[in-house]
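> Give me the fold of what follows.
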Amino acid sequence: MSKTKEIKPIDVLCVGDTVVDIWIKLNEETSHTYANENGPWLALPFATKIPYEETEVQPAHGNAANAAVAMSRLGLRVAYQTYVGGDQMGRETIRVFQKEKVDTRFITIENEEMTNINFLVSFKAERTILTKHNDFDYEWPHFRKKEMPRWLYFSSLSENAADYHDEIADWLEAHPEVKMAFQPGTWQMKAGVERLKRIYARAEVVIMNRQEAAFVTGGSTKDLHDLFDRLHSYGPKMAVITDGPDGAYASDGFKRFKMPLYPDPKPPVERTGAGDAYASTMVAALVVGHDLESALQWAPINSMNVVQHPGSQTGLLSEKELEAWLAKAPDWYHSSSF
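Have a look, this model is predicted:
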């Protein structure tokens, strides 16, 4: 008689679109950048063949996908809810998640669609992303009692999933015991707070960078306290605003903190995935019981190590590795009030 497979509770269910990243590293001798009144631009010779340095295909990427891998490596029981096509890239994406010990039972394969693909053009440690999201038939899954997640990590979905946000909001309102972290993606920020007010209202923590916070709230990048006040007014109990080389700021509604970056042991290879590593590691720390101030010490370490390697996931650390970096942190590496 065969044994019934034990259903283990899920610490975090990550939700968001998955993409295959196809990297193209440009040759600096054949490409250049320039700036005008619309910002910086990448320039390539037109209507000719251009040699490039290297290319790499990386399945199972995207904001929520990177978060799932990060939190799994940190020892959490992580499941992922997403959609892939019935193509080779979709099958390879699922294999990657299984290798990373991410539960794939909530990944839906749509045989008539192709898996999302991004082309990332890398030039001088920065990247330009060519992106397209396919029109999947989004539908929120049913959870048995024993597989209910403790946390939801909700991130980037395309405009094609607009109504899907309402399904997620309905489910969150029906399950107030489930906590939710929200790291909004491009469309979710453009959609506006009013369209996603039920999502913001249920967020335990919301995480975005300084420019994104100003865009979402209509505030000024020069007034962090006002940005936090606006974010808290939408409902989140905690808010984190990352600020590039200046580190990050955080608020729990009562206290506000500034946290520096962890020092780079050597110059970054490229910065893709740094924000996802920061946000997901912050949430992982909260899930295992750290308070906001303590979680702020975890997040920069994983972000630092990710930019020491190519891609969004290669440098993600285990909890043991992260704690080893924390143990040798310089004396000034701690949060302060602001």
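> which residues of the stretch 101-250 of the chain score low on pLDDT?
Within the stretch 101-250 of the chain, no stretch has pLDDT under 70.
> what ranges do the helices span in it?
For the stretch 101-250 of the chain, the helices defined by DSSP state H, counting those that start in this stretch cover 162-174, 186-191, 197-202, 210-217, 224-233.
> Leaving aside the residues adjacent along the chain, what's closest to residue 210?
residue 243 (4.8 Å; CB to CB, 6 or more residues apart in numbering). Bear in mind the C-beta positions are built from the backbone N, C-alpha and C, glycine included.
> was I right about the one you found contacting residue 208?
No. Residue 243 lies out of contact with residue 208 (CB atoms under 8 Å); the separation is 10.7 Å.
> Settle it for me: which of these two has more neighbours?
Per other CB atoms under 10 Å, whichever of residue 243 and residue 208 has more neighbours is residue 208, with 25 against 17.
> In contact with the more buried one, which residues?
183-184, 189, 216, 240-242 (CB atoms under 8 Å, 6 or more residues apart in numbering).
> that older thread, can you give me the distance of the residue nearest to residue 210 to residue 227?
To residue 227, residue 243 is 11 Å away according to CB to CB, to the nearest Å.
> Are there residues contacting both of those two? Which ones?
Jointly contacting residue 243 and residue 227 under the rule CB under 8 Å, 6+ apart are residue 210.
> And the strands in the stretch 151-300 of the chain, which stretches?
Assigned by DSSP state E, counting those that start in this stretch, the strands in the stretch 151-300 of the chain fall at 179-182, 203-209, 238-242, 248-251, 256-259.
> of those strands, which approaches residue 23 most closely?
Nearest of those to residue 23, taken as CB to CB: strand 203-209 at 22.5 Å.
> Could you tell me which strands the closest one is paired with, and in which direction each runs?
Partners of strand 203-209 in the sheet, by DSSP bridges, are strand 179-182 (parallel), strand 238-242 (parallel).
> Please identify which of the contacts of residue 208 is nearest to residue 124.
residue 242 (21.7 Å).
> Who does that closest one form a beta bridge with?
When assigned by DSSP bridges, residue 242 has beta-bridge partners residue 209, residue 248.
> contacting residues for it?
If you count contacts by CB under 8 Å, 6+ apart, then residue 242 has 207-210, 248, 275, 278-279 around it.
> hmm, which of these are the buried ones?
Among the contacts of residue 242, those buried by neighbour count (16 or more other CB atoms under 10 Å) are 207-210, 248, 275, 278-279.
> Now render the residues you listed as CSV, adding distance to residue 107.
Formatted as CSV, the buried ones among the contacts of residue 242 follow (distance: CB to CB, whole Å):
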residue, distance to residue 107
207, 24
208, 26
209, 28
210, 33
248, 31
275, 23
278, 25
279, 21
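> From residue 332, how far out is the residue nearest to residue 192 when sequence neighbours are not counted?
Leaving aside its sequence neighbours, residue 192 sits nearest to residue 216 (CB to CB, 6+ apart; 7.9 Å). Going from residue 216 to residue 332 by CB to CB gives 31 Å.
> Same check on residue 115?
Distance, residue 115 to residue 332, by CB to CB: 44 Å.
> between those two, which one's more packed in?
Counted by other CB under 10 Å, residue 115 and residue 332 do not tie: residue 115 has more neighbours, with 24 against 8.
> ok, the more buried one - contacts?
Residue 115 touches 18-20, 59, 84-85, 87, 89-90, 93, 134, counting by CB under 8 Å, 6+ apart.
> Which members of those define the maximum pairwise distance?
Spatially, the most separated pair among the contacts of residue 115 is 59 and 134, at 15.1 Å (CB to CB).
> More neighbours: which of the two?
residue 59 (23 against 18).
> just checking, that one touches residue 93?
Yes. Using CB under 8 Å, residue 59 is in contact with residue 93, at 4.4 Å.
> Between the two, which contacts overlap?
Residues touching both residue 59 and residue 93 by CB under 8 Å, 6+ apart: 20, 115.
> Rebuild the helices of the stretch 101-250 of the chain as TSV, extending it with distance to residue 265.
Compiled in TSV, these are given as follows (distance: least, CB to CB, whole Å):
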stretch	distance to residue 265
helix 162-174	39
helix 186-191	32
helix 197-202	37
helix 210-217	25
helix 224-233	29
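> Leaving out the residues flanking it, which one is nearest to residue 283?
In space, residue 283 is closest to residue 181, 4.4 Å off (CB to CB, 6+ apart).
> and the closest residue to residue 211 other than its chain neighbours, how many neighbours does it have?
Excluding the flanking residues, the one nearest residue 211 by CB to CB, 6+ apart is residue 221, at 6.3 Å. Using other CB under 10 Å, residue 221 is surrounded by 15 other residues.
> Which positions in stretch 293-306 come out as buried?
Residues of stretch 293-306 classed as buried: 293, 295-306 (neighbour count, 16+ other CB under 10 Å).
> let me fix that: stretch 57-75
Residues of stretch 57-75 classed as buried by neighbour count (16+ other CB under 10 Å): 58-74.
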